[in-house]
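Chemist: model this:
(chains A and B)
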Amino acid sequence: MANVELALKEATTVIEGAIGAALVDYTSGMALGTLGGGKDLDLTVAAAGNTDVVRAKVRTMEMLGLNDEIEDILITLGSQYHLIRLLRSRGSQGLFLYLALDKQRANLAMARHQLKKIEAELEV
Amino acid sequence: MSGIVMVPAEAEAEILAELRRLRARVPQLTGVLAASADGLVLAQDTAATEAESVAALTAAALGVAQRLSDTTGQGGFRELLVRGEHGYVATYAAGDTAVLTLIAEPRANVGRLHLEARRSSLRIAELIDHTLGRRGPGAPA
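Modeler: Take a look at the predicted model:
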């Protein structure tokens, strides 16, 4: 079991092409932890903005009557991948992991697999 | 924080426009107001009519928050967030003489609230400073 700092460190070092990672509480839009990003990617802004993305998808699913849950969300940019993975273990509902990847260096299938593993081992 | 802020009508209109932009960007807001640090409403955009009393209470809370920040060595006042059972009230410093107070629904995105309100409070501070600057050195600061 890994804590928040460890999980973010693993996400940004083990996953090839990682630019930055954050653990976000989407009930408030605030980050529980951020790592990387730098001046080109403000992870606080990303946390607040992607909270709206997750909320919009949750609402859409409710409106469609889909009795299901979101596992992850992939956003493909020209030069980056943004991966959002919702935490599903008991006691960590309402949180998501956010990972920004450099499209040139990243292996999407591997990144998704590794993020799933990090999420499973994360204890908040 | 001290001093009395008097803003002319055109500055009030600009502050109000800023408050309306803020409400458009954060849809979960139910009210916004800019007040002087001593509790007078400068501009407001709220459905409810309690702006005067909110501004007065904001001034009182500001006094306590300022002392709390000072006593614990945290420096000047920046912001104050209150979460009630039915929503949030947040106050942000807008320069040294004014504050921006927001009232939001419980489902508000607080991360976004902070981002947008910090930007708006900077702009409101600039508007007030600009107004005071234009009125020359005799103006209250």
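Chemist: can you list the low-confidence ranges for chain B?
Modeler: Applying pLDDT under 70 to chain B flags residues B:1-6, B:134-141.
Chemist: kindly recompute the last result at 80.
Modeler: For chain B, applying pLDDT under 80 flags the ranges B:1-9, B:47-49, B:132-141.
Chemist: SS state for the residue in it that chain A sits nearest to?
Modeler: With Cβ to the nearest Cβ, the shortest gap between chain B and chain A falls at B:G111, namely 3.0 Å. The C-beta positions use only the backbone N, C-alpha and C, and glycine is treated the same way. Put simply, B:G111 is helix when judged by DSSP: H, G, I helix; E, B strand; the rest coil.
Chemist: do I have it right that it meets A:L43?
Modeler: No - B:G111 is beyond contact range of A:L43, at 10.6 Å (criterion: Cβ atoms under 8 Å).
Chemist: now the residue positioned nearest the centre of chain A, which residues is it bridged with?
Modeler: The residue lying closest to the centre of chain A (Cα atoms, centre = their mean) is A:Y98, at 2.0 Å. For A:Y98, the beta-bridge partners are A:A22, A:I84 (DSSP bridges).
Chemist: for the spatially most central residue of chain B, list each beta-bridge partner.
Modeler: The C-alpha lying nearest the average C-alpha coordinate of chain B belongs to B:L100 (Cα atoms, centre = their mean; 1.0 Å). Taking DSSP bridges, one obtains B:A34, B:Y92 as the residues bridged to B:L100.
Chemist: mind showing which ranges of chain A have poor pLDDT?
Modeler: A:1, A:90-91.
Chemist: which parts of it sit against chain B?
Modeler: A:24, A:28-31, A:44-45, A:47-49, A:51-52, A:55 (Cβ under 8 Å from any Cβ of the partner chain).
Chemist: pull the most distant pair out of these.
Modeler: Maximum pairwise distance among the residues of chain A next to chain B (Cβ to Cβ): 17.3 Å, between A:T44 and A:R55.
Chemist: B:H130: neighbouring residues, count only.
Modeler: Using other Cβ atoms under 10 Å in any protein chain shown, B:H130 has 12 neighbouring residues.
Chemist: ok, now how distant is it from A:A100?
Modeler: For B:H130, the distance to A:A100 equals 38 Å [Cβ to Cβ, to the nearest Å].
Chemist: which residues does B:A117 contact?
Modeler: B:22, B:26, B:79, B:90, B:92, B:100, B:102 (Cβ atoms under 8 Å, 6 or more residues apart in numbering or on different chains).
Chemist: neighbour-wise, which of these leads?
Modeler: B:L100 (29 neighbours).
Chemist: all the strands of the chain, residue numbers only.
Modeler: Just so you know, I chose chain A. Applying DSSP state E to chain A gives strands spanning A:18-25, A:30-36, A:72-76, A:80-86, A:95-102.
Chemist: oops, wrong one, chain B.
Modeler: Counting by DSSP E, the strands of chain B are B:29-36, B:41-46, B:79-84, B:87-94, B:98-104.
Chemist: nearest to A:G20, out of those?
Modeler: Here strand B:79-84 is closest among those (Cβ to Cβ), at 25.1 Å.
Chemist: the closest one - contacts with which helices or strands?
Modeler: helix B:51-71, strand B:87-94, helix B:110-134 (3 or more Cβ pairs under 8 Å, 6 or more residues apart in numbering or on different chains; DSSP states H and E).
Chemist: give me the number of residues near residue 107?
Modeler: No chain in the question, so chain A it is. A:N107, neighbours per other Cβ under 10 Å, totals 13.
Chemist: think we crossed wires, I meant chain B
Modeler: 11.
Chemist: for A:I70, same thing?
Modeler: For A:I70, using other Cβ under 10 Å, the count is 15.
Chemist: how about it, nearest residue that isn't a chain neighbour?
Modeler: A:L86 (5.2 Å; Cβ to Cβ, 6 or more residues apart in numbering or on different chains).
Chemist: and the gap between that neighbour and A:L95?
Modeler: Taking Cβ to Cβ, one finds A:L86 at 7 Å from A:L95.
Chemist: contact residues of chain B facing chain A?
Modeler: So chain B meets chain A at B:109-115 (Cβ under 8 Å from any Cβ).
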